[in-house]
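**Student:** Give me a 3D structure for the following:
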Amino acid sequence: MTTETRIDARKNCRGVGCPMNLVHAKVELAALAPGQVLEIILDDGAPVNNVPASAEKEGHTILRRQQLEDGCWSVLIRKGERG
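**Tutor:** This next block holds a predicted model:
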């Protein structure tokens with residue numbers, strides 16, 4: 001039996017370059033309560049590597065990285081207690 005993760009906020013950062021996609025992620029996460037989940041859509045390459053790595057350094061948890069049909073990535077980030 002699979003349980004689907006509840007997504008509390010979504011942000012589409014297709015075409016948004018570094019470091020602005022990181023800024024968008026931080027703003028979205030700041031608006032969430034600890035334990036809530038952000039889905040962020042990121043371009044392949046540096047964005048999908050840098051944003052999740054930065055989020056983890058700040059105490060958040062990456063729940064899933066899934067490549068989409070258009071080559072972008074859906075990343076689920078659970079807000080941490082100290083974030």
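**Student:** Okay, now the unreliable bits of this protein?
**Tutor:** Counting by pLDDT under 70, the ranges of the chain that qualify are 1-3, 83.
**Student:** Try it again at 80.
**Tutor:** Applying pLDDT under 80 to the chain flags the ranges 1-3, 82-83.
**Student:** just the strands in it please.
**Tutor:** For the chain, the strands defined by DSSP state E cover 9-12, 37-42, 61-67, 73-78.
**Student:** Would you mind putting the ones you listed into TSV with mean neighbour count alongside?
**Tutor:** In short, each C-beta sits where N, CA and C put it, glycine included. TSV is the format used below for the strands of the chain (neighbours: other CB atoms under 10 Å):
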stretch	mean neighbour count
strand 9-12	14
strand 37-42	22
strand 61-67	13
strand 73-78	21
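**Student:** I'd like those laid out as JSON lines, including distance to Leu22.
**Tutor:** As requested, the strands of the chain are exported to JSON lines (distance: least, CB to CB, whole Å):
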{"stretch": "strand 9-12", "distance to Leu22": "11"}
{"stretch": "strand 37-42", "distance to Leu22": "10"}
{"stretch": "strand 61-67", "distance to Leu22": "14"}
{"stretch": "strand 73-78", "distance to Leu22": "12"}
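**Student:** Kindly provide the distance from the nearest residue to Pro47 once chain neighbours are set aside to Thr61.
**Tutor:** Excluding the flanking residues, the one nearest Pro47 by CB to CB, 6 or more residues apart in numbering is Asn21, at 5.0 Å. Look at Asn21 and Thr61: by CB to CB, to the nearest Å, they are 19 Å apart.
**Student:** How about Ser74?
**Tutor:** From Ser74 to Thr61 the distance is 15 Å (CB to CB).
**Student:** And the helices in the chain, which stretches?
**Tutor:** 20-30, 46-57 (DSSP state H).
**Student:** Arg6 against Leu38, yeah?
**Tutor:** No. Under the criterion of CB atoms under 8 Å, Arg6 makes no contact with Leu38, lying 11.4 Å away.
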